[in-house]
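A.B. asks: Sharing a sequence plus its predicted fold:
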Amino acid sequence: MAATPPNPAASAPRRKVSRHRGEGQWAVGHFTPLNGNEQVKKDDDGLNVRTRIETIYSKRGFDSIDPSDLRGRMRWWGLYTQRKPGIDGGKTAVLEPEELDDRYFMMRVRIDGGALTTQQLRVIGEISQEFARGTADITDRQNVQYHWIRIEDVPEIWERLEGVGLSTVTACGDTPRVMIGSPVAGIAEDEIIDGTPALEEMKRRVLNNKAYSNLPRKFKTAISGSPLLDVVHEINDVAFVGVRHPEHGPGFDVWVGGGLSTNPKLGVRLGAWVPIDEVPDVYEGVVSIFRDYGYRRLRNRARLKFLVADWGAEKFRQVLEDEYLGGRKLIDGPAPEQPVQQWRDHIGVHRQKDGRYYVGFAPRVGRVDGATLTKIADLAEAHGSGRVRTTVEQKMIVLDVEQDRVDSLVEGLEALDLTARPSSFRRGTMACTGIEFCKLAIVETKQRGSSLIDELERRLPDFDEPITINVNGCPNACARIQVADIGLKGQLVLNDKGEQVEGYQVHLGGALGLEPGFGRKVRGLKVTAEELPDYIERVLKRFQAEREGGERFAAWAARAGEEALS
């Protein structure tokens, strides 16, 4: 499928222009920007800011940065200003952006499919140590995030990353962001189909392409041929899920319109089976529909999920086929089968299809540092073939380990506090960036998640059921609180002394993969940060006492009375 020209007037289908402003959809003739973000994008493509960073801002310093670049276009190259230290959560929604901005940046390195070589991982670690004060968090979209980045250092960081085939391009912004993929694509014994060739072609078509650099909002992509459903496909804008068609064999089932944040929606199936060589065409068509028909009037309604909710799957598929696939009709196909296990993170030792093994291990809530990453690279080179992966659960994997090297690798990882045999709490706890660096956050997350792991391991040493505990610093759900067994949404609450302190609204019984759905909220249930270990211990003990047979936590939480969940 040929790339669409970047000129929206030329690329959008011709429609009669109505007199009212509508939702700002290009495809119906509404090209006039209806808010400040759309005006900034019309004034200059976000991809163009790189030249100004390299030639002006990095040489003249932070104060030389144009505000529209600082809080807008620089995201197209993976850069956000981080939160100024010392500003408490109560001021998050009160202060102006310039009051929250620090003079340092978060930089996001996109790692599509989670695929890294040890050479790339070592460069990521070295940059962390030299330019980011050692920071290098693994995100739940397989990226790595730095903090404390100075604008003066950005060109050299780009040069080093790009020297080993990495990039920060469209890691943020209203663009096609990182494409998450199965971290064991091409190697797992049980894989239905390897999506890697499609992912690589999708990247080739849209990255750094001005035809797709001005979308209504961010656009999230997932592809996996694993029967474990290991890329949280239900909450992506578009997802391709491996299935076997009874007549045509392995291919992909197409999902659209998923997303969380403050208005969560699960994706819907288009009911179409797509062979791997047609996936890039369908992908490009879905991105183009979003660009042309997506809502641009209100930022809080600009995600694809709102268009899909209004259109429905049938109309979406029809527009895709008729207007973006040249009239080609997609083949009807089956839904993916339910996974046979709840854990989908590939932790532990697993046999590959070639007879070697891969070893998945668990950092604490995705928090690592540059020195540790370089040591992981050393271990992976000594024990494997030089390939590592990140996962959508803030975990990592070393690939291609010979059987007689597995134990040595596991011991080496344990020495770095990176266990391949984690407790359920270490394995299942995830946290977003939180108030330490994020300008949207209200409470602390990373350290709290880490200390919560220790406390629950001490209190419940024999608890071995799959459990997910997701800690989020604000309502925006970067840590997927609505689809966790125990989701914790940060907010300020009152303690028993009437004092305003950090705490959490609790979501219980969310899930993806096995009977996907959003967690329930118990009326009035808010827990202070100090009370959190007591609360979770109490709920998990009730679950153990009341569960029926092999009942999962999510199923128990859905039927339990509010008193059991309080």
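C.D. replies: Perfect, I can see it now. Numbers count the residues shown, from 1 in each chain.
A.B. asks: Need phi/psi at the residue lying closest to I331 once chain neighbours are set aside.
C.D. replies: Once flanking residues are discounted, I331 sits nearest to W273: 4.8 Å by CB to CB, 6 or more residues apart in numbering. Bear in mind the C-beta positions are built from the backbone N, C-alpha and C, glycine included. The phi/psi pair for W273 (degrees, to the nearest 10) reads phi -100, psi 130.
A.B. asks: elements contacting the strand or helix carrying V388?
C.D. replies: Using DSSP states H and E, V388 sits in strand 387-390. Under the contact criterion of 3 or more CB pairs under 8 Å, 6 or more residues apart in numbering; DSSP states H and E, strand 387-390 touches strand 115-117, helix 118-131, helix 370-383, strand 396-401.
A.B. asks: Next, count neighbours for the residue nearest to I331.
C.D. replies: For W273, the count of nearby residues is 23 (other CB atoms under 10 Å).
A.B. asks: I'd like the distance between it and P246.
C.D. replies: According to CB to CB, to the nearest Å, W273 stands 10 Å off from P246.
A.B. asks: Which neighbours do those two have in common?
C.D. replies: Residues touching both W273 and P246 by CB atoms under 8 Å, 6 or more residues apart in numbering: P334.
A.B. asks: Least confident secondary structure element in this protein?
C.D. replies: Lowest by mean pLDDT, DSSP states H and E among the helices and strands of the chain is helix 8-11, with a mean of 42.
A.B. asks: Now do N143, the pLDDT please.
C.D. replies: With respect to pLDDT, N143 scores 98.
A.B. asks: Revised request: answer the last question for R217.
C.D. replies: 98.
A.B. asks: rewinding a little: sheet partners, orientation included, of the strand holding V388?
C.D. replies: strand 115-117 (antiparallel), strand 396-401 (antiparallel) (DSSP bridges).
A.B. asks: wouldn't I235 be in contact with V483 here?
C.D. replies: Yes: counting by CB atoms under 8 Å, I235 does reach V483; the two are 6.7 Å apart.
A.B. asks: Please enumerate the shared neighbours of the two.
C.D. replies: 260, 264, 512.
A.B. asks: what's the closest of those residues to R520?
C.D. replies: Nearest to R520 among those: P264, at 12.9 Å, using CB to CB.
A.B. asks: Can you tell me the closest non-neighbouring residue to that closest one?
C.D. replies: In space, and not counting its chain neighbours, P264 is closest to Q482: 4.9 Å by CB to CB, 6+ apart.
A.B. asks: how far away is I276 from S68?
C.D. replies: 41 Å.
A.B. asks: of those two, who's got more company?
C.D. replies: I276 (20 against 17).
A.B. asks: Excluding chain neighbours, what is closest to that one?
C.D. replies: Distances taken as CB to CB, 6+ apart place A198 nearest to I276, at 5.2 Å, with adjacent residues excluded.
A.B. asks: For the one you found, which three-state class applies?
C.D. replies: helix (DSSP: H, G, I helix; E, B strand; the rest coil).
A.B. asks: That one reaches T221, doesn't it?
C.D. replies: No: counting by CB under 8 Å, A198 does not reach T221; the two are 10.6 Å apart.
A.B. asks: can you list the residues that contact stretch 371-385?
C.D. replies: The contact list for stretch 371-385 (CB under 8 Å, 6+ apart) reads 118-119, 121-122, 124-126, 128-129, 134, 136, 363, 368, 386-388, 396, 398-402, 405-406, 408-409, 412-413, 416, 418.
A.B. asks: Among the residues you listed, the buried ones, what's the PyMOL command?
C.D. replies: Applying 16 or more other CB atoms under 10 Å to the contacts of stretch 371-385, the buried members can be selected in PyMOL as follows:
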select buried, resi 118+121+122+124+125+126+128+129+134+136+363+368+386+387+388+396+398+399+400+401+405+406+409+412+413+418
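A.B. asks: picking that back up, now rank the shared contacts of I235 and V483 by neighbours and give me the top one.
C.D. replies: L260 (26 neighbours).
A.B. asks: Count the residues that sit near the residue lying closest to that residue once chain neighbours are set aside.
C.D. replies: Nearest residue to L260 in three dimensions, chain neighbours excluded: A477, at 3.9 Å (CB to CB, 6+ apart). For A477, the count of nearby residues is 23 (other CB under 10 Å).
A.B. asks: Check P461 too.
C.D. replies: 9.
A.B. asks: For it, which three-state class applies?
C.D. replies: P461, by the three-state scheme (three-state DSSP), is coil.
A.B. asks: for L492, same thing?
C.D. replies: Reduced to three states by three-state DSSP, L492 is strand.
A.B. asks: That one and L440: what is the separation?
C.D. replies: Distance of L492 to L440, computed by CB to CB: 14 Å.
A.B. asks: ditto for V286
C.D. replies: In terms of CB to CB, V286 sits 28 Å off from L440.
A.B. asks: Have a look at these two and say which one is more surrounded.
C.D. replies: More crowded of V286 and L440, by other CB under 10 Å: V286, with 23 against 17.
A.B. asks: List the contacts of that one.
C.D. replies: Neighbouring residues of V286 by CB under 8 Å, 6+ apart: 237-238, 254, 256, 320, 324.
A.B. asks: tally of neighbours for Q338?
C.D. replies: Number of residues near Q338 (other CB under 10 Å) recorded here: 11.
A.B. asks: quick one, phi psi at it?
C.D. replies: Taking degrees, to the nearest 10, you get phi -70, psi 140 for the backbone angles of Q338.
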